[in-house]
Structures are given as C-alpha cells and as structure tokens.
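In: Okay, sequence plus prediction incoming.
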Amino acid sequence: MWNEFTYQALPMRVAFGAGRLAVLGEEVERLGLERVLVLATPGQEEHVRLVTDALGRHTAGVFQEARMHVPAETAAAAWATARRLDADGCVAVGGGSAIGLGKAVALKHRLPVIAVPTTYAGSEMTPIWGLTEDGVKRTGRDAAVLPRSVVYDPELTLTLPATLSVTSGFNALAHAVEGLYAPDASPIVSLMAQDGAQALVEALPRIAKDGADIEARTRALYGAWLCGAVLGATTMSLHHKLCHVLGGSFDLPHADVHTVVLPHVLAYNAPAAPRAVRAMERVLDTHEPATALQDLARSLGASASLAEIGMSEENIQEAVRQVVAAPYSNPRTPTADELTGLLERAVRGERPTSG
Ligand code: NAD
C-alpha cells in the first residue's frame, strides 16, 4: 500500500516494434529537423546503413567513433563534426556508448537527440549524461540530453551476441531492482520495474538459446524500455554506486560488473527492503531472489565472479574507500567492513548473503 509518493513523468515519445525503424524519418520530421548526424560505435556498419537508409535526405553525416563512458576527446570530435556538417540534431544508434555520445552533443550544443537503442542498457530513457576526462567520469542530469524520441526496433538487437545480451539484460534488471527500493520509488515505478524485470527474466533464457528468436528479442527490449524508464525516474543506490566505481577505476566491463554485483547487493539490502524483495520474489517465483538471479546469470553463461572479469582482491580496499567517500542513497547504510565482505564475495564468486 502506497500512501504518499511523488512521480515526475519524463517527456518521452516511443515507437516500439519489429520493423519500426521505418518511422525514423517521420520522427525526425516531427521534431522539425533537417540534417541529423548519425552516431554509432565502431563495427556497427550494418546498423548505420539501416539508419541512414531510413533517414534518407535527412542524413547530414556519420560519426562512428563512440566509445564506452564517453571520453572527452571523442565528445569534442563529435561536437566538431556536428558543427562542420551544420547538423541540427543527432540520431544515436547503438548501446549506452552511442547514446551517451548523443547526450554529450546535446549537452554542449543543445541539439535534440533521437535514440535507436540496440542493447538493453537503458540510457535512452534517462536525462543522465556522463563524460570521462583523465580517467575520471563525471555524470549529471540535464533535461536537454533526454532523447526526444526513441525508436525501439527489436530487429536491430538480433545481432547482439548471446553473452552480451545476457549481461546487458542484467544491467537493465539492476535498474529495476534499485528502482524498487529507491528513496523516490512510487507505485508506477514499481509497476514498471516488476513488468520490465519479468519480461527480461522470461526472455533472456530464450535469447541465450536462440539469438534469432524475434519474439524473445521483442520481449527483452520491452523489458529494457521499462527498466530504463525506472532508471530515469528514480535515484539509484548502492549497486549503481559500486558498479560506477568498479567500472571507472578498475576498467572492468560495464554490463558484466552489473551482472556479478547485482545478486550481492540485493541480498545485502534485503533485510531493509522487504517490499522490493517481495516484488523480486514474484518476478523470479522463489523465496531466494538474490540466489536465483545469480543462478540465472550463470546458467546463461555470464561470468561468475569479478575475478573472472579482471578484478583482483588487492583492489577491494580502494573500491571501498571510493564508495564510502561519496554520498549515495541506500536502504541500508553499509560499513566499510560490510562493503569489504560484499566485494570479497563478488570477487571470489561466492553465494550472495546479507552479511
Ligand atoms: P555499448 O554501447 O558500449 O555496446 C557494447 C558493444 O556492443 C559495443 O562494441 C557495440 O558496438 C556492440 N553492440 C551494440 N549493439 C549491438 C548489436 N545489436 N549487435 C551487435 N553488437 C552490438 O554498451 P552498453 O552496455 O549498451 O552501454 C554501456 C555504456 O552506457 C556505459 O558507458 C554506461 O555508463 C552507459 N550507460 C548510461 C546510462 C545513462 O542513463 N546515462 C544508462 C545505462 C548505461
């Protein structure tokens, strides 16, 4: 029962469904744009071709150098390209890296962004930007970076490799879990979090078995949309703080870190977040949601420990120091010893506990 809450809806427009990339040109015209710069990561030539075909005469050019965590020099090169081509907007096709670059351009030049997500990371649903300079990632919120329109076409996700699909799906699940116990949670956020998590939990095993299963891809992308909307609507807690520190300071792969850490944080927070636990029990049909999440990830081929993805036990104390130093919200306030224990379990690939 929710007696009191605040909910602020974000001005998002979504076109969803297999084949909906066909409406991209209309979305550009609806916004009154003439010449858009297409942003993408290296290697995604096929997506770029599909997008530029859909845009037709509205394509001003392509900048295909997007990188994880938006390095400042990449953002500067994209800014210069947008200027040189006299672009009046951007279309970012790809995962969080391409969309993050679109946000960086929006932040500097106030150019509207249209997002065409091809992973489940969820950046397209948030007004959160990030920029990395000298190894330090700054993040902030600015309404100008929120994509004006998002075209979710599951056909573009068919090429996402199985393991990346699973870890990216866990990245989305992490938004749902933390939205459920966020300080600014609300019934509408809870509905989105549960339905989004349910969709992903059902779809990921099917995708791991057959990446070309368009029904499962559609369901996963729907789940990713809802989980991204949860991320955009709430304040994230310990899990996202930990992943930010681990990814930023130890150069660990973003989605894999989320996948390994999430069960440990859910188990740790469980005693202080009964409503969230009940929701995840329903989603996973179990009384041990944290363990079930870990089992699910492992059964689908994800890494079992932070050690497997490059984190050494020697780095735990530095990670703890950084997490303790920065303020963040969480249903439980962890001591340095508790954080150390949590990270030891994650590094060693042990079972999640509330300890
Ligand atoms: P990513 O965008 O770097 O993509 C990972 C890799 O997959 C890249 O090599 C990319 O080219 C490839 N790829 C993407 N889609 C593909 C497809 N359909 N088929 C084949 N290959 C494909 O990774 P990500 O996990 O989507 O995003 C991570 C980044 O996004 C991080 O920098 C993270 O901080 C940021 N992020 C930001 C927010 C936010 O709200 N600002 C939210 C989530 C993530």
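Out: Okay, I see it.
In: tell me the contacts of residue 240?
Out: 174, 178, 328 (Cβ atoms under 8 Å, 6 or more residues apart in numbering). No exception for glycine: its C-beta is placed from N, CA and C like everyone else's.
In: Next: residue 60.
Out: Neighbouring residues of residue 60 by Cβ under 8 Å, 6+ apart: 35-37, 85-87.
In: go on, residue 18?
Out: 153-155, 214, 218.
In: Among those residues, name the buried ones.
Out: Neighbour-count burial within those applies to 153-155, 218; the criterion is 16 or more other Cβ atoms under 10 Å.
In: Just the ones in strands from those residues, please.
Out: Secondary structure assignment by DSSP state E places none of the buried ones among the contacts of residue 18 in strands.
In: mind listing which of those are in helices?
Out: Those of the buried ones among the contacts of residue 18 mapping onto helices are residue 218, per DSSP state H.
In: Dump the buried ones among the contacts of residue 18 to TSV, plus distance to residue 313 and pLDDT.
Out: Shown next, in TSV, are those (distance: Cβ to Cβ, whole Å; pLDDT from 0 to 100):
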residue	distance to residue 313	pLDDT
153	43	98
154	40	98
155	43	98
218	41	98
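In: List the buried residues for stretch 207-216?
Out: 207-208, 211, 213, 216.
In: cool, and stretch 122-140?
Out: Of the residues in stretch 122-140, those buried (16+ other Cβ under 10 Å) are 122-132, 137.
In: Can you flag which of those residues belong to strands?
Out: Per DSSP E, those map to strands at 128-132, 137.
In: overlap between those and the residues near the ligand?
Out: Restricting these to those near the ligand by Cβ under 6 Å from any ligand atom leaves 128, 130.
In: quick check, nearest of the ones in strands among the buried residues of stretch 122-140 to the ligand?
Out: residue 128 (3.9 Å; Cβ to the nearest ligand atom).
In: Helix or strand with the lowest mean pLDDT in the protein?
Out: In the chain, the helix or strand scored least confidently by mean pLDDT, DSSP states H and E is strand 136-141, which has a mean of 88.
In: Tell me how far that one lies from the chain's centre.
Out: Distance of strand 136-141 from its chain centroid, counting by Cα atoms, centre = their mean, to the nearest Å, is 15 Å.
In: All further residue positions should be reported with the first residue as 56.
Out: Okay, using 56 as the starting number, the last item reads as strand 191-196.
In: Packing partners of it?
Out: strand 183-188, helix 293-305 (3 or more Cβ pairs under 8 Å, 6 or more residues apart in numbering; DSSP states H and E).
In: Can I get those in a markdown table including mean pLDDT and distance to residue 124?
Out: Shown next, in a markdown table, are these (pLDDT from 0 to 100; distance: least, Cβ to Cβ, whole Å):
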| stretch | mean pLDDT | distance to residue 124 |
| --- | --- | --- |
| strand 183-188 | 94 | 4 |
| helix 293-305 | 92 | 7 |
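In: how about those in CSV, adding distance to residue 315?
Out: Formatted as CSV, these follow (distance: least, Cβ to Cβ, whole Å):
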stretch, distance to residue 315
strand 183-188, 21
helix 293-305, 9
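In: Can you give me the domain boundaries for the protein?
Out: 68-212, 217-403 (automatic domain parsing).
In: and the gap between the residue of the chain found nearest the ligand and residue 185?
Out: Residue nearest to the ligand within the chain: residue 151 (1.8 Å; Cβ to the nearest ligand atom). Using Cβ to Cβ, to the nearest Å, one gets 9 Å for the distance from residue 151 to residue 185.
In: Might one say that residue 331 is in contact with residue 324?
Out: Yes: counting by Cβ atoms under 8 Å, residue 331 does reach residue 324; the two are 7.4 Å apart.
In: joint contacts of those two?
Out: By Cβ under 8 Å, 6+ apart, the residues touching both residue 331 and residue 324 are 236, 386.
In: residues in the stretch 106-255 of the chain within reach of the ligand, list them.
Out: 123-124, 149-153, 155, 173-174, 176-178, 181, 183, 185, 211-212, 214-215, 219, 223, 226.
In: For PyMOL, what selects the buried ones among those?
Out: PyMOL command restricting those to the buried ones, with burial defined by 16+ other Cβ under 10 Å:
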select buried, resi 123+124+149+150+151+152+153+155+173+174+176+177+178+181+183+185+211+212+215+219+223+226
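In: where do the strands sit along the stretch 156-305 of the chain?
Out: Along the stretch 156-305 of the chain, the segments classed as strands by DSSP state E, counting those that start in this stretch run 168-172, 183-188, 191-196, 204-207.
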